[in-house]
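In: I'll drop the sequence and a predicted model, then ask my questions.
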There are 2 protein chains.
Amino acid sequence: MYNFIFQNPVKVIFGKGTIAQITPNIPAQSKILMTYGGGSIMKNGVYDQVKAALKGYDVTEFGGIEPNPRYETCMKAVEICREKKIDFLLAVGGGSVLDGTKFIAAAFYHTEGDPWEILTQGKPVSKALPIGAVMTLPATGSEMNGNAVISRNSTQEKLAFYSPAVYPQFCVLDPETTFTLPDRQTRNGIVDSFIHVCEQYMTFPVNAPLQDRQSEGIFHTLIEEGPKVLKNPTDYEARANIMWAATNALNHYIACGVPQDWATHGIGHELTALHGMDHAQTLACVVLGLFKHQKKSKLAKLAQYGRRIWGLSGDNDDAIADQAICKTEEFFRSLGMKTHLNEYGVGDENFEEIGSRFERRGIKIGEHANLGKKEVIEILRLCL
Amino acid sequence: MYNFIFQNPVKVIFGKGTIAQITPNIPAQSKILMTYGGGSIMKNGVYDQVKAALKGYDVTEFGGIEPNPRYETCMKAVEICREKKIDFLLAVGGGSVLDGTKFIAAAFYHTEGDPWEILTQGKPVSKALPIGAVMTLPATGSEMNGNAVISRNSTQEKLAFYSPAVYPQFCVLDPETTFTLPDRQTRNGIVDSFIHVCEQYMTFPVNAPLQDRQSEGIFHTLIEEGPKVLKNPTDYEARANIMWAATNALNHYIACGVPQDWATHGIGHELTALHGMDHAQTLACVVLGLFKHQKKSKLAKLAQYGRRIWGLSGDNDDAIADQAICKTEEFFRSLGMKTHLNEYGVGDENFEEIGSRFERRGIKIGEHANLGKKEVIEILRLCL
């Protein structure tokens, strides 16, 4: 196992009827900006529950944070925070709302230069407004990490940043809030979580048996519980298991002491930026192409995954790996998720541009940092 | 799954050569009390590494915190903290040193009444001195929780307390510091960790498949890696895996949303208090008696454990449970751990007193809170 540092201060408040518990976790006299998305929280009762809990606080609302939250939108919220002297941000919604809120929190204090530099130049975020979260969509793990991904309209870019300053102080996870999610979002969330685990597991062995099994536990849970929530959206127990699995998939716990990949996300973000595909839709396509392309370098872990997760048997690691990739695709398709770019009408028209973007940024991706323009294009061809 | 709240702010610094990293984590100008135990850190180089890292700080040393740390000893340290205006505690050693240090940290601010009340009356600990830890013995999980167990000589009692105020701010876990542990302590640590998982897993199913698999991952790791460290004490990888497993076994993560038992610890503490047995020695005996006594109520989980951990097969849960208990005993004995009280020269002379202690405290133990004096004595008889 590698050396590592782990710290995750987020207070998780999990379960039925817990939205009311936000109140003791926000300082009295706070001037709160309550952020949300397209308004689904108005229909499922979450807005009313949150407003009831916030009675007595000075609350300003900021709705309309879009999926793949935009720099332009977030900067409007930053202006409001400055005008109204906001000192606490409460994100109510899914990962996009929370990611946008994290950027708002960081940009608020980034007064020298354009806050976009946080994403393009990795300018450090040493201070941010405090954040609380009521999560209504299990998918990104944003509720228990310090990561955010922001898109910019004018440049068609989608970029990530991390800072310990933007961990939510608390997150409320009430599985009942997910009962009314459209199938598409439920499915996206399951696949997104699944691939978060892939990014931290499907690399090469470093003798970390506990972390391997923690990751495998999340795989098993998503595979067993995923179909249940799609079949019966109000199955509380299954919704709860999916919700906790999604948080565990990206709270950095399974990453302790092991190599990480993140090539699937790197490539997937470009497909979203250029083609508007849903985040999880890009991941489902790209991860299969990546596994095929990198089968040799990921062989030991692909074989372990095939045996432990899919119950495959036999001595031939190569054959097990091939079958494991097929099983993964079958699982995605069983959830109703497409697995080829051409099913979304996406061809190779931007592959050259995508490859070139990594080249221009001067980075190679993957757990060996050896995937450049050429390999990215090869991987994308395997995703068609 | 049950509703739950989870928060664990500890910064874990894990790996080879990490002791030097304590420095940036302790505020400059701190007046540090460095606590330790019987002096093994003088022999294995840990003392020298810590002192080198603390160069420039005002450090007072307090050695001699014993296994099952005593109230009487800790109170001497509290006096020193007050005299010397100590404002940071650095525990260097195993779980006993850290538990003692947590009590010192809490007792420092408990100026009205006797700090022993924290343990006997559950007096809340709202404030404590900040704590850092360099752990040299993987066992108790104390490095990543807010728990401590303290013994009092004069009353032959051993009692626990919990407070969010006594989570270490950071802990350094360097597996190399465990190379020189005596076999007895290595073995005790493996068994102690194993039974921490039992206390949070071997109860009844509440449809929490991820938590189950996280627990099972720790069982597997201890079973696979435990024999390796006893055979080859300087096997870095195995030592690292045992160390991380021990932390995971009691950082409250696997307890999220599931019932907990802790009867084995409750009874075991009395055996240590009255007979001076090592903590883990008591646990290995008691857990087997408890499993036999509570087989019916723990049947579903015992059977799942038997199948998933020991690879047992068959449809008869009752038979699987019996075999799983045997396998557990075989595992302990394979590590060189005795599993019957009479092997330690302990008979039934204090069973009545132990049962009565629970009665006098007015508590029933176990995940159903239904084990009183009668049941405790029955369980103890099964441990002879």
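Out: All right, it came through fine.
In: So the closest residue to residue A:75 other than its chain neighbours versus chain B, what's the distance?
Out: Computed as CB to CB, 6 or more residues apart in numbering or on different chains, the closest residue to residue A:75 that is not its neighbour in sequence is residue A:107, at 6.8 Å. Any C-beta I mention is one placed from the backbone N, CA and C, and that applies to glycine too. Counting by CB to the nearest CB, to the nearest Å, the gap from residue A:107 to chain B is 26 Å.
In: Also residue A:98?
Out: Residue A:98 is 18 Å from chain B, by CB to the nearest CB.
In: related to what we said a few turns ago, the residue nearest to residue A:75 touches residue A:113, doesn't it?
Out: No: look at residue A:107 against residue A:113 with CB atoms under 8 Å: they stay out of range, at 10.7 Å.
In: So which of the two has more stuff around it?
Out: More neighbours surround residue A:107 than the other of residue A:107 and residue A:113, with 23 against 10 (other CB atoms under 10 Å in any protein chain shown).
In: Now do the more buried one, the pLDDT please.
Out: At residue A:107, the pLDDT value in this model is 97.
In: next one: residue A:136
Out: 96.
In: Now do the same contact list for it.
Out: Neighbouring residues of residue A:136 by CB atoms under 8 Å, 6 or more residues apart in numbering or on different chains: A:40, A:41, A:44, A:46, A:92, A:93, A:94, A:177, A:178, A:181.
In: any idea how far residue A:55 is from the closest residue to it other than its chain neighbours?
Out: Leaving aside its sequence neighbours, residue A:136 sits nearest to residue A:177 (CB to CB, 6+ apart; 4.4 Å). Distance of residue A:177 to residue A:55, given as CB to CB, to the nearest Å: 19 Å.
In: Of the two, which one has the most company?
Out: residue A:177 (27 against 8).
In: Touching, the more buried one and residue A:43? I think so.
Out: No: counting by CB under 8 Å, residue A:177 does not reach residue A:43; the two are 11.4 Å apart.
In: Spell out the secondary structure type for residue A:13.
Out: Using DSSP: H, G, I helix; E, B strand; the rest coil, the structure places residue A:13 in strand.
In: Next, the buried residues of the lengthiest helix in chain A.
Out: Ordering each helix of chain A by length in residues (DSSP state H) puts helix A:209-231 first. Neighbour counts over helix A:209-231 (16 or more other CB atoms under 10 Å in any protein chain shown) mark A:209-223, A:225-226, A:229-230 as buried.
In: Need the CA coordinates for it. CSV is fine.
Out: C-alpha atoms of helix A:209-231 as CSV (Å, rounded to 0.1, in the frame of the first residue of the first chain):
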residue,chain,number,x,y,z
PRO,A,209,-6.7,-6.0,0.4
LEU,A,210,-9.0,-4.0,2.6
GLN,A,211,-9.4,-1.1,0.2
ASP,A,212,-10.1,-3.6,-2.6
ARG,A,213,-12.9,-5.2,-0.6
GLN,A,214,-14.3,-1.8,0.4
SER,A,215,-14.5,-1.0,-3.3
GLU,A,216,-16.0,-4.4,-4.1
GLY,A,217,-18.6,-3.9,-1.5
ILE,A,218,-19.8,-0.8,-3.3
PHE,A,219,-19.8,-2.6,-6.7
HIS,A,220,-21.9,-5.4,-5.2
THR,A,221,-24.3,-2.9,-3.6
LEU,A,222,-24.9,-1.0,-6.8
ILE,A,223,-25.4,-4.2,-8.8
GLU,A,224,-27.8,-5.7,-6.3
GLU,A,225,-29.8,-2.6,-5.3
GLY,A,226,-29.7,-0.6,-8.6
PRO,A,227,-32.3,-2.7,-10.4
LYS,A,228,-34.5,-2.6,-7.3
VAL,A,229,-34.8,1.2,-7.3
LEU,A,230,-35.5,1.4,-11.0
LYS,A,231,-38.2,-1.3,-10.6
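In: Quick one: distance of that helix to the chain centre.
Out: Computed by CA atoms, centre = their mean, to the nearest Å, the chain-centroid distance of helix A:209-231 equals 16 Å.
In: Which strands or helices does it pack on?
Out: Applying 3 or more CB pairs under 8 Å, 6 or more residues apart in numbering or on different chains; DSSP states H and E, we find helix A:209-231 packed against helix A:183-201, helix A:236-249, helix A:299-310, helix A:317-334, helix B:209-231, helix B:236-249.
In: Can you check what angle separates that helix from helix B:209-231?
Out: Angle of helix A:209-231 versus helix B:209-231, following axes from the mean of the first three to the mean of the last three CA atoms, to 10 degrees, is 170 degrees.
In: tell me the centre residue of chain A?
Out: By CA atoms, centre = their mean, chain A has its centre lying nearest to residue A:140, at 2.7 Å.
In: In which helix or strand does that residue reside?
Out: Mapping residue A:140 onto the secondary structure by DSSP states H and E places it in no helix or strand at all.
In: how about it, phi and psi?
Out: Torsion angles at residue A:140 (phi, psi; degrees, to the nearest 10) stand at phi -90, psi -20.
In: could I get stretch A:330-338 in PDB with only the CA atoms?
Out: Output of stretch A:330-338 as PDB, limited to C-alpha atoms (Å, rounded to 0.1, in the frame of the first residue of the first chain):
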ATOM      1  CA  GLU A 330     -24.500  -5.900 -19.700                       C
ATOM      2  CA  PHE A 331     -25.100  -4.400 -16.300                       C
ATOM      3  CA  PHE A 332     -25.200  -0.900 -17.700                       C
ATOM      4  CA  ARG A 333     -27.600  -1.900 -20.400                       C
ATOM      5  CA  SER A 334     -29.800  -3.800 -17.900                       C
ATOM      6  CA  LEU A 335     -30.300  -0.400 -16.200                       C
ATOM      7  CA  GLY A 336     -31.300   1.100 -19.600                       C
ATOM      8  CA  MET A 337     -28.000   2.900 -20.100                       C
ATOM      9  CA  LYS A 338     -26.600   3.000 -23.600                       C
END
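In: That'll do, ta.
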